[in-house]
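> structure, please.
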Amino acid sequence: MMQWGLVIDPEYRTPAARDLVLGSGLSLFFSFPLLLFINVPALNRTVRMYLLTEMAVLVYILIIFAVMVATRFLRSKSKLL
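Okay, here's the model as predicted:
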């Protein structure tokens, strides 16, 4: 059976394994609020709860997107200086 880590980077010369671990940890950290939001309608199954959940998820996604855009902008601006 083939091991994927050995195919990608057999001698671990690149930071691929470290980046994979850090990325999965960060994704769990950032997705935890979404896991909480998604379970809210189970408490009270009304249309209002579903709409509030959808709004909360949308706001959360917009915040994450804004942070990503801001960090990319700041990185590109720091390269110019």
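> I'd assumed Val40 was in contact with Met49.
Yes. The pair Met49 and Val40 qualifies as a contact (Cβ atoms under 8 Å) at a distance of 6.1 Å. Any C-beta I mention is one placed from the backbone N, CA and C, and that applies to glycine too.
> ok, Arg18 to Ser24 distance?
Arg18 sits at a distance of 11 Å from Ser24 (criterion: Cβ to Cβ, to the nearest Å).
> which of the helices and strands in the chain ranks last by mean pLDDT?
Within the chain, no helix or strand scores below helix 4-8, which has a mean of 55 by mean pLDDT, DSSP states H and E.
> after it comes which helix or strand?
Counting by DSSP states H and E, the element after helix 4-8 in chain order, helix or strand, is helix 16-38.
> got the buried residues for the helix or strand that comes right after that next one?
Note on helix 16-38: by DSSP H and E, the next helix or strand toward the C-terminus is helix 47-80. Under the neighbour-count criterion of 16 or more other Cβ atoms under 10 Å, helix 47-80 has Thr53, Ala56, Tyr60 buried.
> closest to Asn44 out of those residues?
When those are ranked by distance to Asn44 (Cβ to Cβ), Thr53 comes first, at 10.7 Å.
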